[in-house]
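A.B. asks: can't give you the sequence, but here's the structure:
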């Protein structure tokens, strides 16, 4: 299965405003696939969603959007997931932006994967939402993942009061859970060794009082493709019988 290395898990200051949020510097592995998960919640409710988010970096990589949430159940927030192949890892930063939207806060998760399928790095994808932002939630990948793949999923839940938290789904491993009191909780989880197309959370708001529901996204990162064909034969001679 792909080998994951965590690189960035950081949030902007609150009442961030407009302009780009830039991460600390990091160096990805050579011959790896960067996966960046961008979250944002707006200061006022004027329509920000996952599709509003853009990404750039200081190394000039080519990013491909893999999943972007659309209109959230209430308020304005979103998640977007991108990938970018890396040949030679160099020190770099990643920046998120939402154009003219007045952002309350950004959250950025960056990991890199080695031993991934360079031909088809991403398999099934999905975006969805949970209307009340509390209790269990599930979304369905566009195709069943291979058992050798890793599925990485993200949840953003609005929080009215308190410091929220999220409980990952059964069989999932949480790799990040970060809350900003009285505003939002951001969570990321992974699963390997499963061909289930269901992406599950046992509770999208295990603590805190919710508002505005949840938005959800997930992508499958595929394992390096198996080499096909038979090795060439050597050291053998083949005899053919002459027809009578």
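C.D. replies: Structure received. Here the structure is a predicted model, which means the values were calculated and not measured. Numbers count the residues shown, from 1 in each chain.

A.B. asks: Could I get the average pLDDT for stretch 127-147?
C.D. replies: The pLDDT scores in stretch 127-147 average 98.

A.B. asks: Spit out the contact partners of residue 177.
C.D. replies: 165, 166, 185, 186, 187, 188 (CB atoms under 8 Å, 6 or more residues apart in numbering). Using the backbone N, CA and C atoms, a C-beta is placed for each residue, glycine as well.

A.B. asks: buried residues in the longest strand along the chain?
C.D. replies: Counting by DSSP state E, the longest strand found in the chain is strand 198-221. Neighbour-count burial for strand 198-221, counted by 16 or more other CB atoms under 10 Å, picks out 199-201, 203-206, 208, 210-221.

A.B. asks: List the pairing partners of it within its sheet, with orientation.
C.D. replies: Here strand 198-221 has these sheet partners by DSSP bridges: strand 122-130 (antiparallel), strand 137-140 (antiparallel), strand 150-168 (antiparallel).

A.B. asks: most packed of the ones you listed?
C.D. replies: Among the strands paired with strand 198-221, judged by mean count of other CB atoms under 10 Å, the one packed with the most neighbours on average is strand 150-168 (a mean of 23).

A.B. asks: on that earlier part again, got TSV for the strands paired with strand 198-221, with distance to residue 98 too?
C.D. replies: Formatted as TSV, those follow (distance: least, CB to CB, whole Å):
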stretch	distance to residue 98
strand 122-130	17
strand 137-140	23
strand 150-168	14
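
A.B. asks: Between these, which one is closest to residue 25.
C.D. replies: Residue 25 lies closest to strand 150-168 among these, at 22.5 Å (CB to CB).

A.B. asks: Would you tell me what the next helix or strand after the closest one is?
C.D. replies: As assigned by DSSP states H and E, the chain's next helix or strand after strand 150-168 is strand 173-180.

A.B. asks: Listing partners with orientation, what would you give for that following strand?
C.D. replies: Using DSSP bridges, the strands paired with strand 173-180 are strand 184-192 (antiparallel).

A.B. asks: So for the partner strand, mean pLDDT?
C.D. replies: 98.

A.B. asks: you'd agree residue 74 is up against residue 160?
C.D. replies: No. Look at residue 74 against residue 160 with CB atoms under 8 Å: they stay out of range, at 10.8 Å.

A.B. asks: Run through the protein and note the low-pLDDT ranges.
C.D. replies: 227-244 (pLDDT under 70).

A.B. asks: Which one of the strands paired with strand 198-221 lies nearest to residue 4?
C.D. replies: Using CB to CB, the nearest of these to residue 4 is strand 150-168, at 6.4 Å.

A.B. asks: Distance from the closest one to the middle of the chain?
C.D. replies: Strand 150-168 sits 13 Å away from the centroid of its parent chain (CA atoms, centre = their mean, to the nearest Å).

A.B. asks: Repeat that for stretch 155-173.
C.D. replies: Using CA atoms, centre = their mean, the offset of stretch 155-173 from its chain centre is 16 Å.

A.B. asks: residues shared between the contacts of residue 74 and residue 160?
C.D. replies: Common neighbours of residue 74 and residue 160, using CB under 8 Å, 6+ apart, are residue 211.

A.B. asks: residue contacts, residue 43?
C.D. replies: Taking CB under 8 Å, 6+ apart as the test, what residue 43 contacts is 15, 17, 102, 103, 104.
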